[in-house]
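Asker: kindly return the folded structure for what I paste below:
(4 chains)
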There are 2 protein chains.
Amino acid sequence: MPPRTPRADAQRNRDRLLAAAAELVAEEGVQASLRDVARRAEVGLGTLYRHFPTRDDLLEALLGRRFEALAEHAERAERAEHAGTTTTADPERALVDWLQEFTLGAAAYRDLPAALVATLHSPDSALHASCLRMREAGGRLLLAAQEAGAVRPEVTPLDLFALANALGWIADQSPSLAERREHLFRLVWDGLRRR
Amino acid sequence: MPPRTPRADAQRNRDRLLAAAAELVAEEGVQASLRDVARRAEVGLGTLYRHFPTRDDLLEALLGRRFEALAEHAERAERAEHAGTTTTADPERALVDWLQEFTLGAAAYRDLPAALVATLHSPDSALHASCLRMREAGGRLLLAAQEAGAVRPEVTPLDLFALANALGWIADQSPSLAERREHLFRLVWDGLRRR
DNA sequence: ACCTGAACACCGTTCAAGT
DNA sequence: ACCTGAACACCGTTCAAGT
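Answerer: Have a look, this model is predicted:
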């Protein structure tokens, strides 16, 4: 038998929890109180744990679509490069554009970068899969840019992941640093380019 | 009258608290439980708050010397450059060396970088003064390196502070990134150099 | 199947009571 | 002058009891 559709009240509670979490996490960051989420959703605390046994499960529900979109973005750029015949495919440009968007996504909420990096060593996290897919898609864009001679050969996909998260982390730590996000991005990016 | 020497038991408690905090913060990072610190010091919880009203007061007590030393390091290098007559003063080298040490100091404990960056907007923090002195000393080393044509003119002291903290943050987030600390430092540093 | 909230073991912070 | 620990208002997580 195919999976049954969930009971109507369960589905409703799940929706309410996600809406409440989206608000609260946007306001207070990844560390927002789960009790507050349940309260705002007007749902019992146990109900939250039933739907999202772990904080990472909740975050994955909030961010999954965005991360999938980022992976697809990279995969699309990759295919465009392979198909590049008449038009000059520009692997460097493709990587920069993607990296900018990735940096924004990795810092969608305050303290999200730390959660994403933690994912590296906890394969059971609900965020692990979508995070890995993004890293791999970005890694292939990196390789193309390196083969085109635009990026230093000793840069690894992990370096990219680390630096993008670090840039997102900085910007979320202080308003005066948030202003300098693009400037800092350019400085770091220039460190990755072949000279 | 000059300030009286503290009562012997008060001095003893302060020492015990600092010793316990040094251990615990080294083990668990800046967020270590203050209750645990008091317990390990075998001291009442109120005693901890009397000596260190704020977590930042405790951290300043733990790190003050180290930060002062870093500021002095930069100031020494600065004076050496001014006095540079026969020997070739090397402002770039002086800045890199200092920045390496600064990056290590800013990440002396897990999550310390976040506390230091927070200092930017909270002038009442106990960490503010020593942090500011470091930033200013580093800023003068930066200026010298820029005047020597070694570093891009659009890099600010705040950029330096932000990037050093970001590098320290990365290294403390995951063992596999800690291994790449020097490599990442070189990549970022090369982004700051004039090309 | 699913929901609820009390219960447990923790926090940070304050403050009345002691010496 | 300094120390102590109970008290308060919060957490995250679990689980017996309900529908």
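Asker: residue of chain A nearest chain B, please.
Answerer: Nearest to chain B, among the residues of chain A, is A:G191, at 2.9 Å (CB to the nearest CB). Yep, even glycine has a C-beta here, placed from its N, CA and C like the rest.
Asker: surely that residue meets B:L184?
Answerer: No - assessed by CB atoms under 8 Å, A:G191 is found out of contact with B:L184, at 9.2 Å.
Asker: hang on, the earlier thing: OK, contacts around the residue of chain A closest to chain B?
Answerer: B:L187, B:V188, B:W189, B:D190, B:G191, B:L192 (CB atoms under 8 Å, 6 or more residues apart in numbering or on different chains).
Asker: looking at these, which is nearest chain A?
Answerer: Checking these against chain A by CB to the nearest CB gives B:G191 as the nearest, at 2.9 Å.
Asker: what about that closest one, distance to DNA strand C?
Answerer: Separation of B:G191 from DNA strand C (CB to the nearest atom of the strand, to the nearest Å): 37 Å.
Asker: for whichever helix or strand that residue is part of, C-alpha coordinates in PDB please.
Answerer: Here B:G191, judged by DSSP states H and E, is contained in helix B:181-192. Coordinates of each C-alpha in helix B:181-192 appear next as PDB, following Å, rounded to 0.1, in the frame of the first residue of the first chain:
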ATOM      1  CA  ARG B 181      43.600  26.500   9.300                       C
ATOM      2  CA  GLU B 182      46.900  27.600   7.900                       C
ATOM      3  CA  HIS B 183      45.900  26.800   4.300                       C
ATOM      4  CA  LEU B 184      42.700  28.900   4.700                       C
ATOM      5  CA  PHE B 185      44.700  31.600   6.300                       C
ATOM      6  CA  ARG B 186      47.000  31.700   3.300                       C
ATOM      7  CA  LEU B 187      44.100  31.900   0.800                       C
ATOM      8  CA  VAL B 188      42.500  34.700   2.700                       C
ATOM      9  CA  TRP B 189      45.700  36.600   3.200                       C
ATOM     10  CA  ASP B 190      46.400  36.400  -0.600                       C
ATOM     11  CA  GLY B 191      43.100  38.100  -1.100                       C
ATOM     12  CA  LEU B 192      44.300  41.100   0.900                       C
END
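Asker: please point out which parts of it sit buried.
Answerer: By neighbour count with 16 or more other CB atoms under 10 Å in any protein chain shown, helix B:181-192 contains the buried residues B:R181, B:L184, B:F185, B:L187, B:V188, B:W189, B:D190, B:G191, B:L192.
Asker: please state the offset of that helix from the chain centre?
Answerer: Offset of helix B:181-192 from its chain centre (CA atoms, centre = their mean, to the nearest Å): 19 Å.
Asker: got the angle between that helix and helix A:181-192?
Answerer: Helix B:181-192 runs at 110 degrees relative to helix A:181-192, counting by axes from the mean of the first three to the mean of the last three CA atoms, to 10 degrees.
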